[in-house]
Structures are given as C-alpha cells and as structure tokens.
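1. next come a sequence and a model predicted from it.
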Amino acid sequence: MSISAIVENDTIKLPVHVPDGTLVEITLPAESAVTDDGPTLYDALKDIIGKAEGLPADFAAEHDHYIHGTPKRTAG
C-alpha cells in the first residue's frame, strides 16, 4: 500500500487511520529533502562554554548528585 501524506509542524498527517504500532517506511523524494544549514550546537553555545564559576571540581562527573541529589558515583 502506498499513502501520500502532508507534513505540518514536523508531524506527518495521514489521510487514513493507521493502527498504533504499525511499522511504516517513509521515503522522501531527493529534491524535497531538507538540509539543515543552521548553526551547530557548538556555534549556538560557544559564547558561554567555560563561563560557569564556583562549581565543584567533580561537577561534570557527578552532575546528577549536585542537580538531583542522587548518591555520588565515586567515593570522595
């Protein structure tokens, strides 16, 4: 079966009901494939990378402990 659908706000709008759990395959025509020329995550955040001050030395490794209160993963 082949179905044509419309994309609205990054959601595929099907013209027919498809039961939950149905495996579908989506093939985009080559000329309609969108390339993302936007900034990378690094480009978007590069001005604030390394700006945090006063954090514990093990913050990167133990961020769950400091943010959510989980037990530390390492002793010390």
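-> Alright, I've got the coordinates. Residues are numbered from 1 along each chain as shown.

2. for residue 66, helix, strand, or coil?
-> Here residue 66 is helix, with the state taken from DSSP: H, G, I helix; E, B strand; the rest coil.

3. count of residues packed around it?
-> 13 (other C-beta atoms under 10 Å). In this view, the C-beta of every residue, glycine as well, is placed from N, C-alpha and C.

4. wait, it sits on residue 56?
-> Yes. In this structure, residue 66 is within contact of residue 56 by C-beta atoms under 8 Å, at 6.7 Å.

5. wait, doesn't residue 59 sit right on residue 72?
-> No. Here residue 59 does not reach residue 72: they are 11.4 Å apart, not a contact under C-beta under 8 Å.

6. what about residue 5, distance to residue 19?
-> 16 Å (C-beta to C-beta, to the nearest Å).

7. now the helices for this structure?
-> Here the chain has its helices, by DSSP state H, at 41-45, 63-68.

8. need those helices in CSV with mean pLDDT and distance to residue 11, can you?
-> Below are the helices of the chain laid out as CSV (pLDDT from 0 to 100; distance: least, C-beta to C-beta, whole Å):
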stretch, mean pLDDT, distance to residue 11
helix 41-45, 91, 23
helix 63-68, 94, 32
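
9. among these, which is the most enclosed?
-> helix 63-68 (a mean of 12; mean count of other C-beta atoms under 10 Å).

10. got the CA coordinates for that one in CSV?
-> The C-alpha coordinates for helix 63-68 follow below in CSV (Å, rounded to 0.1, in the frame of the first residue of the first chain):
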residue,chain,number,x,y,z
HIS,A,63,26.2,16.4,38.0
ASP,A,64,23.3,14.0,38.9
HIS,A,65,24.4,14.3,42.5
TYR,A,66,24.6,18.0,42.5
ILE,A,67,21.5,18.7,40.5
HIS,A,68,19.2,15.8,41.5
